[in-house]
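Enquirer: Provided below are the primary sequence and the corresponding predicted coordinates.
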Amino acid sequence: MAKRKMFNKGLISAGLIVFVVVATSPFWLNFGNAEAPPEVVLTAKAKAAGSCVRSLDYMKRYHMQLLNTWRTSVVRDGNTVYVNSEGKSYTMSLTKTCLDCHSNKAEFCDRCHNYASVTPYCFDCHIENPKETQ
């Protein structure tokens, strides 16, 4: 039995090269053009507090997981108090705890969420500035 030869070897190779170039072009075209992450603007109350419920690095990376854990704990288990690793207690509430210090949603929340192209659904239910409604 004779071996079959690839007659279109050149065309297949050229096609693969074109495919790889086209598929990776967004990465090559944007290489080195990334914007720096925005600096958040803290309110005077947040600056005076000096610390958040967890460390700054933790909050930058995992604030959504923490809020989801709080939601589950409050809604399903009825727990309303969060004790951090330093033993300090906080009320598990987006509006009463988080937005108490970070009331400037446009300067604090929206800047990073827009940069990361995420649309959190927190404010579908929670009012943006609870202080204005009281």
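Expert: Nice, I can see it. Residues are numbered from 1 along each chain as shown.
Enquirer: And the contacts of stretch 83-94?
Expert: 53-54, 67, 70, 73-74, 79-82, 97, 122, 126 (Cβ atoms under 8 Å, 6 or more residues apart in numbering). The way it works is simple: take the backbone N, C-alpha and C, and place the C-beta from them, glycine included.
Enquirer: Buried only: go through these for me.
Expert: 53, 54, 70, 74, 82, 97, 122 (16 or more other Cβ atoms under 10 Å).
Enquirer: Select from the residues you listed every entry located in strands.
Expert: residue 82 (DSSP state E).
Enquirer: Out of the buried ones among the contacts of stretch 83-94, list just those in helices.
Expert: 70, 74, 122 (DSSP state H).
Enquirer: quick one: which of these is nearest residue 22?
Expert: The nearest member of those to residue 22, counting by Cβ to Cβ, is residue 122 at 38.5 Å.
Enquirer: And for that closest one, nearest residue in space, chain neighbours not counted?
Expert: Ranked by Cβ to Cβ, 6 or more residues apart in numbering and with sequence neighbours excluded, the top spatial neighbour of residue 122 is residue 94, at 6.1 Å.
Enquirer: For burial, what's the neighbour tally of the one you found?
Expert: Counted by other Cβ atoms under 10 Å, the residues lying close to residue 94 total 19.
Enquirer: In contact with residue 35: list those residues for me.
Expert: Residue 35 neighbours (Cβ under 8 Å, 6+ apart): residue 115.
Enquirer: element containing it, please.
Expert: Using DSSP states H and E, residue 35 maps to neither a helix nor a strand.
Enquirer: Now do it against residue 18, distance only.
Expert: From residue 35 over to residue 18 the distance is 31 Å, taken as Cβ to Cβ, to the nearest Å.
Enquirer: Please apply the same query to residue 111.
Expert: 40 Å.
Enquirer: could I get the ones in helices among the buried ones among the contacts of stretch 83-94 as CSV with pLDDT?
Expert: Putting those into CSV (pLDDT from 0 to 100) gives the following:
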residue, pLDDT
70, 94
74, 93
122, 81
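Enquirer: Throw the residues you listed into JSON lines and include distance to residue 26, thanks.
Expert: Converted to JSON lines, those look like this (distance: Cβ to Cβ, whole Å):
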{"residue": "70", "distance to residue 26": "37"}
{"residue": "74", "distance to residue 26": "41"}
{"residue": "122", "distance to residue 26": "30"}
